[in-house]
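Trainee: Following is a predicted model, sequence given first.
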Amino acid sequence: MVDRQLRSRGLKDKGVLAAMLKIPRHLFVPESEKGRSYYDGPLPIGKGQTISQPYIVAYMTELLQLKGNEKVLEIGTGCGYQTAVLAEIVDQVYTIEVIAELGERAKNLLNEKLCYANISFKVGNGREGWSEFAPFDRIIITAAPGKFPGKLFSQLKDGGIAAAPVGNFFQLMMRYFKKNDKIEEETLIGVSFVPCV
């Protein structure tokens, strides 16, 4: 998967590739999808949600330009796969999931089975962020809002980076840089994500 789907498409961040090599993606998909765990595309995880294509998970993580000492806010825990990739690289991940059943399932897998100790979980509206732990060095949204929630920019540290798919019918991957309390945006590739609910 890493060689064929990631390196061959130009992804080269060593930390991201090492995390993708280490994490057993099949643990994050339903039993009915196990045979396609390393398939080059998204897969259903229940409740109308999906686990993202491996390339997109790696691509978004690389966009964050992680050095390893960051505190990251993730909006949309889902099955927890992107969460695990982040937790392999950074000091602390704060992840929010609006669907309680998915959030609880991810928490059990990541904490109890995979023994991550650097992930904090919350069930709630990700658009509100997690102000008590702000500011964050990085913010990543793993479902598509119509536009990036402005409240999250206030929780991003100056010098920080955020990445998100943005749009309704037509979505674009966006990266945001916060410099001197101003937001600079970069438009990247066309993508297709489930809506941010």
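Mentor: Ah, there it is. Please read these numbers as outputs of a predicted model, since none were measured by experiment.

Trainee: Residue 29 against residue 35, yeah?
Mentor: No: contact criterion C-beta atoms under 8 Å: residue 29 and residue 35 do not qualify, at 9.4 Å. Backbone N, C-alpha and C define where each C-beta goes, glycine included.

Trainee: Mind checking which of the two has more residues around it?
Mentor: Set residue 29 next to residue 35 and count neighbours by other C-beta atoms under 10 Å: residue 29 wins out with 21 against 10.

Trainee: Can you show me the strands along the protein?
Mentor: Taking DSSP state E as the criterion, the chain carries its strands at 43-46, 49-51, 71-75, 92-97, 119-123, 136-141, 156-166, 171-179, 182-191.

Trainee: just checking, what packs against the last one?
Mentor: Judged by 3 or more C-beta pairs under 8 Å, 6 or more residues apart in numbering; DSSP states H and E, the packing partners of strand 182-191 are strand 171-179.

Trainee: and the strand it packs on, which strands flank it?
Mentor: Taking DSSP bridges as the criterion, strand 171-179 sits next to strand 156-166 (antiparallel), strand 182-191 (antiparallel) in its sheet.

Trainee: the inter-axis angle of it versus strand 136-141?
Mentor: Comparing the axes of strand 171-179 and strand 136-141 via axes from the mean of the first three to the mean of the last three C-alpha atoms, to 10 degrees yields an angle of 170 degrees.
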